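>>> A structural model of the following input is requested.
(chains A and B)
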Amino acid sequence: MTGNTPMADYNFAYLDEQTKRMIEQTKRMIRRAILKAIAVPGYQVPFASREMPMPYGWGTGGVQVTAAILGPDDVLKVIDQGADDTTNAVSIRAFFARTARVAVTTATADATIIQTRHRIPEATLTADQVLVYQVPIPEPLRFLEPRETETRTMHALSEYGLMHVKLYEDIARHGHIATAYAYPVQVAGRYVMDPSPIPKFDNPKMDDCPALQLFGAGREKRIYAIPPHTRVVSLDFEDHPFERNRFDVPCALCGATDSYLDEVVTDDQGGRMHVCSDTDHCESRRAKGHRGTMLADEPVHPADRRSKLEAAE
Amino acid sequence: MPEMNTQPRPLLAAGFADPVFDSQSAFRAAMEALARPGRIRPVGTASLADAPLLPSAAALVLALCDFETPLHLSAHLGGQSGVAEYLRFHSDAPLVPEPSRAAFAVLDLEQDRLDLEGFAQGTPEYPDRSTTIIACCASVETGAALTIAGPGIAGVASLRVAGLPADFAAQWAANRAGFPLGVDVLFAAPGTIVGLPRSARIIGETG
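Predicted coordinates:
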């Protein structure tokens, strides 16, 4: 690594002239798709996905969108299920840090671009931020109608009755709408959209969000968008209104009562704890002095513990 | 070896000094402009000072167009010496005479008659197959104020574009009525751009 080299040499150093042109052409194509996606909120713009240095299913759609918008002044954050430190998040962040020499962060507030898989950060996003979602299956009607030609026509005609039938079947079977993630939304009163597999807990955050939200599906080659301050409504029924799931316990580490929690098994005796899935949110709360019931009083570094043991001996 | 063409050719003005950075920067301005209609965005055009058309409009074409995007030049710009050659050379975009076939179109609000309906509107299944219009104008800070609302706007916003035709609000209402079909417009003034995507509504005109 040459340290301070700016983004200029950009995955460029080892590439021949033809490859450079191809990369720039790919970015232009994705950029054009992004502009259309913004102009028609919730509509899935097709694009020609190119080979990426990672397999489908690892966030290629999100990576392509991020690569197309990223500039030298950006600060990138990557999360997977809310966490900055999972394999997927770490490898995507390292990919951009190495190829684009872009600044990276784990602090939500410091990021200008946040690429995410399956969560929206708990902190309210700002007008200076872009949220890029990795999307596995972009078509909300796909499980109801497998034919692409048919779902295109259904979107063209705003024929979304099937979607309500699906939610109604939930109610008939379970007594409530059982869909807990990838819960369908209607954007700006027109297109029904799959918000990617975020928990429905996060759905209200998409509505009137100050940040631009971009969605990239690599395998299915679709890009869609929610512009800032756009009405995003979770589909529901008058007598079965959309309900955000709530947790009946606070985060065991930071005490938060309004965040999305993951259940963590702590031993083989049935012990478990609920902790924030958004690791940055949890850490910043603890840094501000918020404490949960299971937060150790004084975190002991393993090295200190050893020296204490040695001293005791 | 093919024979070299030894005919002297007129020199073309320069394109982007750094195609990677300059394209990204102009694209980002366009993205922000369409994501927040009415909000004025700066566009860096340092290396395009000698371009035969408004540098901010040239920056948008160079950043967004290539061999895959049919480009339409208005009657005025198509007749201006060197404009077609310049954009052809630097973008690779094929020029099309019919506005209805254009992925992108460049026009001059002061010189050309604006006819939004004449451009590609997209299809019900593929509304993205429509024209993005790059409209050159003298300023995006003077001119009659239009009040706009829609996605990307918290409440309402103000849009000022110098040289808009008198029937613009009516044309835009027709464009909006066809949603999700319709055209999107990037107004390009010296050094700045402002966006008006098809999702935006004009809800008021104040002198």
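>>> Helices of chain A, residue ranges please.
A:17-39, A:60-69, A:87-99, A:148-156, A:161-174, A:203-206, A:279-287, A:302-312 (DSSP state H).
>>> Tabulate the ones you listed (CSV), appending mean neighbour count.
Using the backbone N, CA and C atoms, a C-beta is placed for each residue, glycine as well. Compiled in CSV, those are given as follows (neighbours: other C-beta atoms under 10 Å in any protein chain shown):
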stretch, mean neighbour count
helix A:17-39, 20
helix A:60-69, 25
helix A:87-99, 17
helix A:148-156, 16
helix A:161-174, 13
helix A:203-206, 20
helix A:279-287, 19
helix A:302-312, 9
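>>> for those, which one sits closest to residue A:131?
Of all the helices of chain A, helix A:203-206 sits nearest to residue A:131, with 9.1 Å by C-beta to C-beta.
>>> so what's residue B:98 up against?
By C-beta atoms under 8 Å, 6 or more residues apart in numbering or on different chains, the residues touching residue B:98 are residue B:72.
>>> Throw the helices of chain A into TSV and include distance to residue A:268 and mean pLDDT, thanks.
Compiled in TSV, these are given as follows (distance: least, C-beta to C-beta, whole Å; pLDDT from 0 to 100):
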stretch	distance to residue A:268	mean pLDDT
helix A:17-39	48	90
helix A:60-69	36	92
helix A:87-99	25	88
helix A:148-156	46	96
helix A:161-174	32	90
helix A:203-206	36	98
helix A:279-287	25	96
helix A:302-312	22	51
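>>> As JSON lines, the ones you listed with distance to residue B:191 would be great.
Shown next, in JSON lines, are the helices of chain A (distance: least, C-beta to C-beta, whole Å):
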{"stretch": "helix A:17-39", "distance to residue B:191": "20"}
{"stretch": "helix A:60-69", "distance to residue B:191": "22"}
{"stretch": "helix A:87-99", "distance to residue B:191": "30"}
{"stretch": "helix A:148-156", "distance to residue B:191": "39"}
{"stretch": "helix A:161-174", "distance to residue B:191": "46"}
{"stretch": "helix A:203-206", "distance to residue B:191": "34"}
{"stretch": "helix A:279-287", "distance to residue B:191": "38"}
{"stretch": "helix A:302-312", "distance to residue B:191": "57"}
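>>> could these be laid out in CSV, adding distance to chain B?
Formatted as CSV, the helices of chain A follow (distance: least, C-beta to the nearest C-beta, whole Å):
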stretch, distance to chain B
helix A:17-39, 4
helix A:60-69, 7
helix A:87-99, 12
helix A:148-156, 4
helix A:161-174, 17
helix A:203-206, 12
helix A:279-287, 25
helix A:302-312, 45
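>>> Of all those, which one is nearest residue A:245?
With C-beta to C-beta as the criterion, residue A:245 lies closest to helix A:203-206 of the helices of chain A, at 10.1 Å.
>>> what does the closest one contact?
Taking C-beta under 8 Å, 6+ apart as the rule, helix A:203-206 contacts A:120, A:125, A:183, A:185, A:195, A:213, A:226, A:232, A:234, A:242, A:244.
>>> how does it look with 10 Å?
Outside helix A:203-206, the residues that touch it by C-beta atoms under 10 Å, 6 or more residues apart in numbering or on different chains are A:119-122, A:124-125, A:131, A:133, A:181, A:183-185, A:187, A:193, A:195, A:198, A:211, A:213, A:226, A:230-235, A:242, A:244.
>>> Point to the helix or strand of chain A where mean pLDDT is at its lowest.
Ranked by mean pLDDT, DSSP states H and E, the weakest helix or strand in chain A is helix A:302-312, scoring a mean of 51.
>>> State the three-state secondary structure for the residue sitting nearest the centre point of chain B.
Taking C-alpha atoms, centre = their mean, the centroid of chain B lies closest to residue B:134, which sits 1.1 Å from it. Secondary structure state of residue B:134, per DSSP: H, G, I helix; E, B strand; the rest coil, is strand.
>>> Not counting sequence-adjacent ones, nearest residue to it?
Excluding its sequence neighbours, the residue lying closest to residue B:134 (C-beta to C-beta, 6 or more residues apart in numbering or on different chains) is residue B:106, at 4.7 Å.
>>> how many other residues sit next to the nearest residue to residue B:71 once chain neighbours are set aside?
Nearest residue to residue B:71, sequence neighbours excluded (C-beta to C-beta, 6+ apart): residue B:93, at 4.0 Å. Look at residue B:93: counted by other C-beta atoms under 10 Å in any protein chain shown, it has 22 neighbours.
>>> Phi, psi for residue B:93 please.
Recorded main-chain torsions at residue B:93 are phi -70, psi 130, according to degrees, to the nearest 10.
>>> is it true that it touches residue B:61?
Yes: applying C-beta atoms under 10 Å as the test, residue B:93 and residue B:61 come out as touching, 7.3 Å apart.
>>> any shared contact partners between those two?
Common neighbours of residue B:93 and residue B:61 (criterion: C-beta under 10 Å, 6+ apart): B:69, B:71, B:87, B:104.
>>> out of these, which are inside helices?
Per DSSP H, the subset of these in helices is residue B:87.
>>> In a markdown table: the shared contacts of residue B:93 and residue B:61, plus neighbour count and pLDDT.
As requested, those are exported to a markdown table (neighbours: other C-beta atoms under 10 Å in any protein chain shown; pLDDT from 0 to 100):
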| residue | neighbour count | pLDDT |
| --- | --- | --- |
| B:69 | 20 | 97 |
| B:71 | 25 | 98 |
| B:87 | 26 | 97 |
| B:104 | 24 | 98 |
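>>> Low-confidence ranges, the chain, go.
Let's take chain A. Per-residue confidence for chain A (pLDDT under 70) gives these ranges: A:1-16, A:49-54, A:297-313.
>>> wait, I meant chain B there
B:1-10, B:207.
>>> so what's the residue most central in space within chain A bridging to?
Against the mean C-alpha coordinate of chain A, by C-alpha atoms, centre = their mean, the closest residue is residue A:116 at 2.7 Å. Bridge pairing for residue A:116 (DSSP bridges) gives the partners residue A:79, residue A:133.
>>> residue contacts, it?
Contacts of residue A:116 (C-beta under 10 Å, 6+ apart): A:59, A:62, A:77-82, A:89, A:131-134, A:196, A:198, A:202, A:213.
>>> now do residue B:135
Residues counted as contacts of residue B:135 (C-beta under 10 Å, 6+ apart) are B:57, B:74, B:105-109, B:112, B:114, B:161, B:163-164, B:185-189, B:193-194, B:196.
>>> about what we covered before: farthest pair within the shared contacts of residue B:93 and residue B:61?
B:69 and B:87 (11.1 Å).
>>> shared neighbours of those two, which are they?
Contact criterion C-beta under 10 Å, 6+ apart; residues shared by residue B:69 and residue B:87: B:61, B:93, B:104.
>>> which one of those is nearest residue A:145?
Of all the shared contacts of residue B:69 and residue B:87, residue A:145 sits closest to residue B:104, with 33.8 Å by C-beta to C-beta.
>>> Roughly how far does that closest one sit from chain A?
For residue B:104, the distance to chain A equals 9 Å [C-beta to the nearest C-beta, to the nearest Å].
>>> can you pull the contacts of that residue?
Residue B:104 neighbours (C-beta under 10 Å, 6+ apart): A:32, B:60-61, B:64-65, B:69-73, B:87, B:91, B:93, B:96, B:119, B:131-134, B:186.
>>> Now with 7 Å, please.
By C-beta atoms under 7 Å, 6 or more residues apart in numbering or on different chains, the contact list for residue B:104 reads B:61, B:64, B:65, B:69, B:71, B:131, B:132, B:134.
>>> residue ranges of the strands in chain B, please?
With DSSP state E, the ranges of strands along chain B come out as B:41-42, B:71-73, B:104-108, B:132-136, B:145-149, B:157-160, B:184-189, B:192-196, B:201-206.
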